[in-house]
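Trainee: Quick one: sequence and predicted model below, then my questions.
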Amino acid sequence: MTVLNPLRILAVGAHPADPVERAGGTLAKHAARGDDTMMVSHTTGTVTHAFDLFPATGTDKLAIKPDLDQRKRDELRDAAAALGVRQQMVLDFPESPMLFDLAHYVTMVEILRDFRPDILLCPHPVEVGRHDHMDSGRFTIAAMDYSRADGFPSPLAPYTVPRLFLYYYEDFRTNQLMATPRQSAEVVVDISEVIERKRAAMLIFGRTQTRRGEDYPARLDRFFASGDGSVGYNNGFAYGERFNRWHPQRVPYLPID
Ligand SMILES: [Zn+2]
């Protein structure tokens, strides 16, 4: 199946694995029908998404970081290929803490103004648990706002992102710390037909995200069973990914689906 008017879909995350883990099935489905897809990671993820690779102590323990950064970049490249996602980019923003300055905002605004997504996906801005995810979401939503401003310091034409969907984990402590209810999905995408593609993409991150002595593929299977599998179970199909809408759904009558 190929769509007549392909959409441009941009999925942004704090770390390379994030958009794959939470929206990879959705991206694979859109890519397969001919939509133009892209993933952007704000950081290399080396600080928080590389397990048991740094020496525990020593003044030169971080000396391997440049090598690890490259391995993380390679992982997103290969995961994108596994999903059929056409473009991907790993930026080099500070990670844990994510500290943003004007140059970072210009970079993100120019990605939006250049790719001009019909749909943007990013982490939920109050997903407390892994603070980079929350910071990445807040930053992306701010950049989406600045992108439409005529006077923003960029030579590229302003662009208004028409649709934003937020992805998240239900188990992070949003309610305790932000006094907001635990998110409940507003949109659930049936990803059953691409679950093997998503699994193949997620397996790639096992190169740096396998803990010592761990069976990473087995952890992945538990992840699919308890995460995407439970979303599917609760919604009448095998596997699903969930999102919240930022923009209201504009319809002439009450939607029945
Ligand atoms: Zn992450």
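Mentor: Yep, it's here. Residues are numbered from 1 along each chain as shown.
Trainee: who touches the residue of the chain found nearest the ion in this structure?
Mentor: With CB to the ion, the shortest gap between the chain and the ion falls at H15, namely 3.6 Å. Heads up, the C-betas are built off the backbone N, CA and C, glycines and all. By CB atoms under 8 Å, 6 or more residues apart in numbering, H15 lies in contact with S41, H42, T43, T44, G45, T48, H49, E95, D132.
Trainee: In helices, which of those residues fall?
Mentor: D132 (DSSP state H).
Trainee: Near the ion, which residues of the chain? Just list them.
Mentor: For the chain, the contact set with the ion under CB under 5 Å from the ion comprises H15, D18.
Trainee: mind running it again at 6 Å?
Mentor: Proximity of the chain to the ion, by CB under 6 Å from the ion, involves residues A14, H15, D18, H49, R130, H133.
Trainee: what number of residues lie near K65?
Mentor: When neighbours are counted by other CB atoms under 10 Å, K65 registers 15.
Trainee: just for the stretch 51-200 of the chain, where's the confidence low?
Mentor: Residue ranges of the stretch 51-200 of the chain with pLDDT under 70: 170-183.
Trainee: nearest spatial neighbour of the residue of the chain closest to the ion, skipping sequence neighbours?
Mentor: Leaving out its chain neighbours, the residue that sits closest to H15 by CB to CB, 6 or more residues apart in numbering is G45, at 3.4 Å.
Trainee: what's the answer for L156, then?
Mentor: Using CB to CB, 6+ apart, the nearest residue to L156 is R113, at 3.9 Å.
Trainee: Next, I64: secondary structure please.
Mentor: Classification of I64 by DSSP: H, G, I helix; E, B strand; the rest coil places it in helix.
Trainee: ok, it - contacts?
Mentor: Going by CB under 8 Å, 6+ apart, I64 touches L53, F54.
Trainee: Please determine how far it is located from F54.
Mentor: 7 Å (CB to CB, to the nearest Å).
Trainee: And for P66?
Mentor: Remark: distance between P66 and F54 (CB to CB) = 13 Å.
Trainee: out of the two, which sits in the busier spot?
Mentor: F54 (16 against 11).
Trainee: that older thread, which pLDDT value belongs to the residue of the chain closest to the ion?
Mentor: According to the prediction, H15 has pLDDT 97.
Trainee: and V188, what element?
Mentor: V188 is located in strand 187-190, with elements delineated by DSSP states H and E.
Trainee: typed the wrong thing, it's R71
Mentor: Element membership for R71, per DSSP H and E: helix 65-83.
Trainee: cool, R222 as well?
Mentor: helix 216-226.
Trainee: before we move on, what about D145?
Mentor: helix 131-147.
Trainee: contacting residues for the closest residue to V194 other than its chain neighbours?
Mentor: Excluding its sequence neighbours, the residue lying closest to V194 (CB to CB, 6+ apart) is A28, at 4.2 Å. Going by CB under 8 Å, 6+ apart, A28 touches L83, G84, V85, I191, V194, R197, K198, A201.
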